[in-house]
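S.K.: how does the following fold in three dimensions:
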Amino acid sequence: MKIFYKEIDTPFQYPFTISGGRTKSSQPALVVGLQVGNYLGWGEAPAIAYYNITVADMIRDLEAKREVIERFALIDPERFWHFLHHLLPENPFLVCALDIAGWDVFGKMEQQPIYKMWNTVWENTPITDYTIGLDDLPNMAKKMEAHPWPIYKVKLGVPNDIEIIKALREQTDKPIRVDANAGWTLDEALKKIPELGALGVELIEQPLAKDDWDGMKILFKESELPLIADESCVSEKDAIKCYQHFHGINIKLTKCSGMTPARRMITEARSLDMKVMMGSMNETNIGSAAIANFLPQLDYVDMDGPLLLTEDDMDGLSIEQGKVTLSSRPGLGIWKRK
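M.R.: Predicted structure coming up:
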């Protein structure tokens with residue numbers, strides 16, 4: 001097995017802001033390639049500042065373990081993930097990129113799309129939302145007007161949250177999901193959620209701080225809207241912690257360390273009768289194709305990275321008015337544009 005990699009930094013169409021004043025104009029990421037014989041698999045992991053993981057960190061750890069990884073015999077992607085998980089315990093982002101690439105190359109070796117290897121059928125696939133980041137109200141309205149979409153996700157977690165949704169309701173009657181990004185106190189959430197429900201909001205992502213379990217237990221009992229864990233659900237061990245605190249979990253491949261543990265998280269969530277969302281960390285078509293292979297297993301999906309970013313050199317994935325289409329090619333279903 002041979003490893004290739006490159007650093008990318010893809011501009012956003014608009015500066016992207018979430019609660020806490022965190023704004024970025026581009027998304028850095030590490031793209032990796034794994035070659036086994038004539039087969040080449042791709043993987044991706046964005047670098048996220050508030051998780052203290054940079055592309056430089058991933059490259060450093062990859063170079064330190066390159067020879068050991070290249071000696072691994074890839075005959076089972078799940079065994080490959082376990083090997084990586086123990087080899088790189090402090091860098092789940094890098095493990096994710098390599099895990100995705102491992103599934104891609106293995107699918108190509110087996111001549112099957114990944115979702116078929118998982119015995120799922122491409123049907124009942126949820127549509128993806130389009131995210132409107134925090135901005136001045138007129139700019140948020142302009143973004144929505146410029147991107148008519150069947151369902152939106154709106155970033156909140158600021159004092160004028162209700163004013164924002166009321167203003168955006170003048171632009172669209174389509175479903176709106178709200179992501180507070182841990183921006184509310186319990187009292188704020190108890191006040192705002194009924195008002196948001198009256199404005200046609202479908203669900204709320206991460207209303208409270210990630211470790212406010214006592215507050216979430218109260219909110220879980222009181223909320224009229226489904227509550228989906230994001231920052232509170234980072235890795236596999238967090239799924240059970242979210243039970244009876246949230247109605248569902250939002251799985252991020254990069255945070256949980258790849259496709260392999262994400263499959264187990266879905267199984268656990270289903271066993272607890274919880275809803276399952278899979279979310280974007282602004283991946284390009286590579287990471288987004290990995291998300292797409294899970295679509296038959298999901299209730300909700302937020303995979304709008306390719307819509308928010310301005311550049312991509314991979315084909316095979318398309319998103320038209322929220323409907324995701326993936327090629328029937330083996331592995332992830334994508335290929336490098338010539």
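S.K.: make it CA atoms for all contacts and neighbour counts henceforth
M.R.: Fine.
S.K.: which elements pack onto the helix ranked longest in the chain?
M.R.: For the chain, the longest helix by residue count, based on DSSP state H, is helix 92-110. Contacts defined by 3 or more C-alpha pairs under 8 Å, 6 or more residues apart in numbering; DSSP states H and E place helix 92-110 against strand 22-36, strand 39-46, helix 55-70, helix 77-87, helix 114-117, helix 253-256, helix 259-271.
S.K.: including mean pLDDT, distance to residue 203 and mean neighbour count, could the ones you listed go into TSV?
M.R.: Shown next, in TSV, are those (pLDDT from 0 to 100; distance: least, C-alpha to C-alpha, whole Å; neighbours: other C-alpha atoms under 10 Å):
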stretch	mean pLDDT	distance to residue 203	mean neighbour count
strand 22-36	95	22	19
strand 39-46	98	26	26
helix 55-70	97	33	16
helix 77-87	98	33	17
helix 114-117	98	27	20
helix 253-256	97	21	26
helix 259-271	98	17	18
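S.K.: okay, those in a markdown table with distance to residue 129 next?
M.R.: Below are those laid out as a markdown table (distance: least, C-alpha to C-alpha, whole Å):
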| stretch | distance to residue 129 |
| --- | --- |
| strand 22-36 | 19 |
| strand 39-46 | 20 |
| helix 55-70 | 27 |
| helix 77-87 | 30 |
| helix 114-117 | 21 |
| helix 253-256 | 18 |
| helix 259-271 | 20 |
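S.K.: closest one to residue 160 among those?
M.R.: strand 22-36 (17.0 Å; C-alpha to C-alpha).
S.K.: each with direction, which strands does that closest one pair with?
M.R.: Strand 22-36 has its sheet partners listed here by DSSP bridges as strand 2-18 (antiparallel), strand 39-46 (antiparallel).
S.K.: now it and helix 55-70, what's the angle there?
M.R.: Counting by axes from the mean of the first three to the mean of the last three C-alpha atoms, to 10 degrees, strand 22-36 lies at 20 degrees to helix 55-70.
S.K.: quick check: the gap between the spatially closest residue to residue 98 that is not a sequence neighbour and residue 80.
M.R.: Sequence neighbours aside, residue 43 is the residue nearest to residue 98 in space, at 5.9 Å (criterion: C-alpha to C-alpha, 6 or more residues apart in numbering). Taking C-alpha to C-alpha, to the nearest Å as the measure, residue 43 falls 14 Å from residue 80.
S.K.: return the distance of the residue nearest to residue 98 relative to residue 71.
M.R.: 18 Å.
S.K.: same check, this time on residue 313
M.R.: From residue 313 to residue 71 the distance is 29 Å (C-alpha to C-alpha).
S.K.: same thing with residue 116?
M.R.: Using C-alpha to C-alpha, residue 116 is found at 28 Å from residue 71.
S.K.: what residues of the one helix or strand residue 192 maps to count as buried?
M.R.: Secondary structure from DSSP states H and E places residue 192 in helix 186-198. Residues of helix 186-198 classed as buried: 186, 189, 190, 193, 196 (neighbour count, 16 or more other C-alpha atoms under 10 Å).
S.K.: so can I have a markdown table of those showing pLDDT and distance to residue 12?
M.R.: A markdown table is the format used below for the buried residues of helix 186-198 (pLDDT from 0 to 100; distance: C-alpha to C-alpha, whole Å):
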| residue | pLDDT | distance to residue 12 |
| --- | --- | --- |
| 186 | 98 | 32 |
| 189 | 98 | 30 |
| 190 | 98 | 33 |
| 193 | 98 | 30 |
| 196 | 98 | 28 |
